[in-house]
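Asks: Sequence first, predicted model second:
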Amino acid sequence: MRKHIKGIDASPGVAVGKVFLYKEEELFIDRGEFENTEIQKERLIEGREKTKQQLLKIREKTALKLGEDKAAIFDGHITLLEDEDLFEEVEELIEEEKISAENALEQGIRGYCDMLSNLEDEYLRERAADLKDIAKRWLYNIAGIDIVDLSSLPENSIVVARDLTPSDTAQLDLNNVIAFVTDIGGKTAHSSIMARSLEIPAVVGTGNITELVKNRQEIIVDALTGDIIIEPSGEEKTTYLEKRKAYLDEKELLKQLKDKKAISKDGKEIGVWANIGSPNDIQGVLKNGAKGIGLYRTEFLFMANDRFPSEEEQFEAYKVVAESMKDEDGNYYPVTIRTMDIGGDKSLPYMELPKEENPFLGWRALRICLDRPEILKTQFRALLRASAFGYIKIMLPMVISVEECRKAKALLEECKKELREEGVKFDENIQLGIMIETPATAFRAKYFAKEVDFFSIGTNDLTQYTLAVDRGNEKISNLYDTYNPGVLAAIKSAIDGAHEGGITISMCGEFAGEARATAVLFGMGLDAFSMSAISVAKVKKNILELDSKIAQELVAKVLEKSTTEEVLEEIDRFNQKYL
Ligand code: PEP
Ligand code: MG
């Protein structure tokens, strides 16, 4: 009987193996009366001591396997175990109600866990799981029941459990466990955190997988998507083994390329940057080896609020990003922050936007900001203040005219003047750039290059405005095509215009992360690529294998093509030969 189950992808990877069903022996708790309370108190203390010794051993193993910081989790557990308030409460229950040590401990712990589980803070809620973990060990030790040993497992085991506590996870036989799956749990549970640092694929929160599987049954865990297949077909196994290989190959590649600069065969250094939507994305950016932020979409900061974020709130967010983007020597990487791009498909709950027939052609982005200069000025001031803490560049979206650039520049200058007068520090050389998202800027780029310091091509919008194809309309999604010769001509014109005008040009639309397009974009002379962090390694790898002259020959051929099909044929032939 095959089954498909969906859970939460807690730690990435793919595994094809056999179920090791982890179910503990049932604990029987005697609910009767016990006159001799002293014996029960002694059992409580002995159980606590045994638990402490076990936790110290697990701590030692964890320190060896995962390092001191992860081992420190168990210091916290021992502190919880030795909590005097909890202990006194349980002792009192034994004394007053004349119940067994197990019964009293279970009741005492329940009270603590209920209190923690009802807290707003997700981190504290997860600590209830730690307390339950310790209590379980303590209870089993009082009752004299052995705890199942996860430190020696059959080969290719996928551990399936109701929950895996941190101490379970720490004991896992790493030579033989290839993944784990649980009924409950979330991404921030310690077991999930540990799975990620052990690099064990894990899917949690499946609901009832422990009731659906049997020991040694074949199972597939796709922890990239959260999918589980019980008793897969031969074909499914082959597919997922291939997916696993592709994932591992890519991971290996990522490791090798992480610290490398993207320098082509003929010595041209290209920026490989990442796009972010919030300061929380930074960790992934650095982990994937991006050496800058090519687009920080600030509208998410505006959308996540119930009012316009204040200058101070914006300043904090921009400062965190600027400060954290640096190399080991403390040199700051560029962080390109885009001013609010609201309108089109992005609305603000607290801002009345007019109902428009064509919102993508309507009151959006810079148009709103220039009509409501107080919004742009607040953002500029926050950006300028944050620029004292790193290497910030400011970028304007949806530009169609030189006048818009000049108006925005004048507002920026006003803000600089104000800050100087207030004695607030900022980067006096801060760069102001624009996105190339409209044909009006792409085809006359050299005129815009005289006005601003850099360009970044937003192919998501440039494609929709060049082809007059709504990027969100599924009915015409087959027409939405960045390889269309008209769009490629617009991109080439923007790059040439930038260089003629003596400024640099990057790309931060999705097309920059498309490995198939790296050669042609590099050949056109793009200076930097900015994309989702996950694509960084692939694009870096391509750049390392390219030579400008050969890539320029590809571009010359591609620009002569009449159809997308011909363009792709030419590109694929090239990629097969050189990448
Ligand atoms: C783009 O249009 O390519 C772009 C990067 O901006 P967004 O996707 O946020 O519109
Ligand atoms: Mg855009």
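Replies: Structure received. Ligands and ions are numbered 1, 2, ... in the order given.
Asks: show me the contacts for residue 472.
Replies: For residue 472, the contact set (CB atoms under 8 Å, 6 or more residues apart in numbering) comprises residue 345. Every residue, glycine included, has its C-beta placed from N, CA and C.
Asks: Make 847 the first number, not 1, from now on.
Replies: Okay, using 847 as the starting number, the last item reads as residue 1318.
Asks: could you measure it against ligand 1, distance?
Replies: Distance from residue 1318 to ligand 1, counting by CB to the nearest ligand atom, to the nearest Å: 11 Å.
Asks: mind checking how far that residue is from ligand 2?
Replies: For residue 1318, the distance to ligand 2 equals 12 Å [CB to the ion, to the nearest Å].
Asks: so when I look at that residue, I'm seeing a strand, right?
Replies: No. Applying DSSP: H, G, I helix; E, B strand; the rest coil, one finds residue 1318 to be coil, outside a strand.
Asks: Model confidence for it, exactly?
Replies: pLDDT recorded at residue 1318 is 77.
Asks: for residue 1232, same thing?
Replies: Listed pLDDT for residue 1232 reads 98.
Asks: how about the nearest residue to it, chain neighbours excluded?
Replies: Closest residue in space to residue 1232, ignoring its immediate chain neighbours: residue 1164 at 3.6 Å, by CB to CB, 6 or more residues apart in numbering.
Asks: how many other residues sit next to the one you found?
Replies: Neighbourhood size, residue 1164 [other CB atoms under 10 Å]: 27.
Asks: and it, how far is that from residue 1139?
Replies: 11 Å (CB to CB, to the nearest Å).
Asks: tell me, what's touching those two both at once?
Replies: Residues touching both residue 1164 and residue 1139 (CB under 8 Å, 6+ apart): residue 1183.
Asks: count of neighbours near whichever residue of the stretch 1147-1296 of the chain sits closest to ligand 1?
Replies: Ranked by CB to the nearest ligand atom, the top residue of the stretch 1147-1296 of the chain for proximity to ligand 1 is residue 1283, at 5.1 Å. By the measure other CB under 10 Å, the count of residues near residue 1283 is 27.
Asks: Let me see the contact set for it.
Replies: Counting by CB under 8 Å, 6+ apart, residue 1283 makes contact with 1243-1245, 1303-1304, 1306-1308, 1311.
Asks: 6 Å instead, please
Replies: 1244, 1304, 1307-1308 (CB atoms under 6 Å, 6 or more residues apart in numbering).
Asks: now swap in residue 984 and tell me
Replies: Applying CB under 6 Å, 6+ apart, we find residue 984 in contact with 893, 897.
Asks: What spatial separation is found between residue 1115 and residue 1373?
Replies: The gap separating residue 1115 from residue 1373 is 9 Å, by CB to CB.
Asks: One more: residue 1169?
Replies: The spacing between residue 1169 and residue 1373, counted by CB to CB, is 25 Å.
Asks: who has more neighbours, the two?
Replies: Neighbour totals were compared for residue 1169 and residue 1373, and residue 1373 leads with 20 against 15 (other CB under 10 Å).
Asks: The more buried one reaches residue 1353, doesn't it?
Replies: No. At 9.2 Å, residue 1373 and residue 1353 do not qualify as touching, with contact defined as CB atoms under 6 Å.
Asks: The residue nearest to residue 1232 - that's part of a helix, no?
Replies: Yes. Under three-state DSSP, residue 1164 sits within a helix.
Asks: residues touching it, list them.
Replies: Residue 1164 makes contacts with 1183, 1228-1229, 1232, as judged by CB under 6 Å, 6+ apart.
Asks: In the residues you listed, find the pair that's most separated.
Replies: For these, the farthest-apart pair by CB to CB is 1183 and 1228; their separation is 9.4 Å.
Asks: Neighbour-wise, which one of the contacts of residue 1164 leads?
Replies: When neighbours are counted by other CB under 10 Å, residue 1229 leads these with 27 neighbours.
Asks: State the separation between stretch 1102-1111 and the centre of the chain it belongs to.
Replies: Put simply, stretch 1102-1111 sits 22 Å off its chain's centre (CA atoms, centre = their mean, to the nearest Å).
Asks: Any buried residues in it, and which?
Replies: 1103, 1108, 1110 (16 or more other CB atoms under 10 Å).
Asks: pretty sure the first one is in contact with residue 1384, am I right?
Replies: No. Using CB under 6 Å, residue 1103 is not in contact with residue 1384, being 9.2 Å away.
Asks: which parts of the protein sit against ligand 1?
Replies: Taking CB under 6 Å from any ligand atom, the part of the chain that reaches ligand 1 is made up of 1141, 1143, 1187, 1283, 1304-1307, 1354-1355.
Asks: The same query, at a cut-off of 8 Å, please.
Replies: Residues of the chain lying near ligand 1 by CB under 8 Å from any ligand atom: 1121, 1141, 1143, 1145, 1184, 1187, 1190, 1243, 1281, 1283, 1302-1309, 1354-1357.
Asks: what subset of those is also close to ligand 2?
Replies: For ligand 2, the contacts drawn from these by CB under 5 Å from the ion are 1283, 1304, 1307.
Asks: Could you dump these into CSV with pLDDT and distance to residue 940 added?
Replies: Listed next are these as CSV, based on pLDDT from 0 to 100; distance: CB to CB, whole Å:
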residue, pLDDT, distance to residue 940
1283, 97, 71
1304, 97, 68
1307, 94, 70
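Asks: where along the stretch 1197-1346 of the chain do the helices fall?
Replies: 1212-1217, 1219-1232, 1248-1268, 1285-1288, 1291-1295, 1305-1313, 1331-1346 (DSSP state H, counting those that start in this stretch).
Asks: no, scratch that, I was asking about the stretch 947-1096 of the chain
Replies: Residue ranges of the helices in the stretch 947-1096 of the chain, as given by DSSP H, counting those that start in this stretch, are 947-963, 968-989, 1012-1017, 1036-1044, 1055-1058, 1080-1103.
Asks: Which of those helices has the highest mean neighbour count?
Replies: Mean neighbour counts were compared across these using mean count of other CB atoms under 10 Å; the top stretch is helix 1012-1017, at a mean of 25.
Asks: For it, which outside residues touch it?
Replies: Residues outside helix 1012-1017 that contact it (CB under 6 Å, 6+ apart): 904, 908, 919, 996-997, 1036-1037, 1040.
Asks: Can you tell me which of these is closest to residue 1018?
Replies: Distances from residue 1018 to these, taken by CB to CB, are shortest for residue 996, at 5.3 Å.
Asks: Test my guess that that closest one contacts residue 1022.
Replies: No. Applying CB under 6 Å as the test, residue 996 and residue 1022 come out as separate, 10.0 Å apart.
Asks: Who has more neighbours out of those two?
Replies: The neighbour comparison of residue 996 against residue 1022 (other CB under 10 Å) goes to residue 996, with 21 against 16.
Asks: Once you drop chain neighbours, what's closest to that one?
Replies: Using CB to CB, 6+ apart and skipping the chain neighbours, the partner closest in space to residue 996 is residue 1017 (4.7 Å).
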